[in-house]
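K.L.:
A predicted structure for the sequence below; I have some questions about it.
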Amino acid sequence: QVQLVESGGGLVQPGGSLRLSCVAAGNIFSSYAVGWYRQFPGKQRELVATITRGGSINYAPSVQGRFTISRDNAKNTVSLQMNSLKPEDTAVYYCNLGRSSSGYVVSGVDYWGKGTLVTVSS
């Protein structure tokens, strides 16, 4: 079993920045893609950004150019730098280990953190 713990959420004004981090317990982190997803109230969880074990990155069009995903395999950590935040970015953000770069379950590995709330409001 792999535990993922997100941190870094909070309240920020429009145009501001936040950095989310996710630490994975276990020894399989470097073998799989990791990513960030978000969920709006009453909506399905959606892909924000993913990074494969080889470093290939995929962003949702809505965050391209504003968000940057990175991973540190030595620290079992994936981060999401969010700049130029908008009120429509307000959501619960989840870290995932195992899904493909497009967000599909392909290997049977599909671990989620409990989420961290990001609120963008003046």
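P.N.:
Perfect, thanks for sending it. In this text, all values refer to a predicted model and were calculated from it rather than measured experimentally.

K.L.:
Count residues in the vicinity of the closest residue to residue 93 other than its chain neighbours, would you?
P.N.:
Closest residue to residue 93 in three dimensions, ignoring its sequence neighbours and counting by Cβ to Cβ, 6 or more residues apart in numbering: residue 38, at 4.9 Å. C-beta: built from backbone N, CA, C; applies to glycine. Residues lying near residue 38 (other Cβ atoms under 10 Å) number 23.

K.L.:
Just the buried residues of the strand or helix carrying residue 38, please?
P.N.:
Using DSSP states H and E, residue 38 maps to strand 34-39. For strand 34-39, a neighbour-count test (16 or more other Cβ atoms under 10 Å) marks 34-38 as buried.

K.L.:
and after it, which helix or strand comes next?
P.N.:
strand 46-51.

K.L.:
does residue 5 sit in a helix or strand, and which one?
P.N.:
Here residue 5 sits within strand 3-7, counting by DSSP H and E.

K.L.:
Counting by contacts, list what that strand packs against.
P.N.:
Here strand 3-7 touches strand 18-25, strand 91-97, strand 111-112, going by 3 or more Cβ pairs under 8 Å, 6 or more residues apart in numbering; DSSP states H and E.

K.L.:
Would you point to the one among those that's packed deepest?
P.N.:
strand 91-97 (a mean of 23; mean count of other Cβ atoms under 10 Å).

K.L.:
Quick check: neighbours of it in the sheet, parallel or antiparallel?
P.N.:
Each strand paired with strand 91-97, and its direction, by DSSP bridges: strand 34-39 (antiparallel), strand 111-112 (antiparallel), strand 116-120 (antiparallel).

K.L.:
Contacts for the shortest one, please.
P.N.:
Outside of strand 111-112, the residues within contact range by Cβ atoms under 8 Å, 6 or more residues apart in numbering are 2-4, 24, 94-98.
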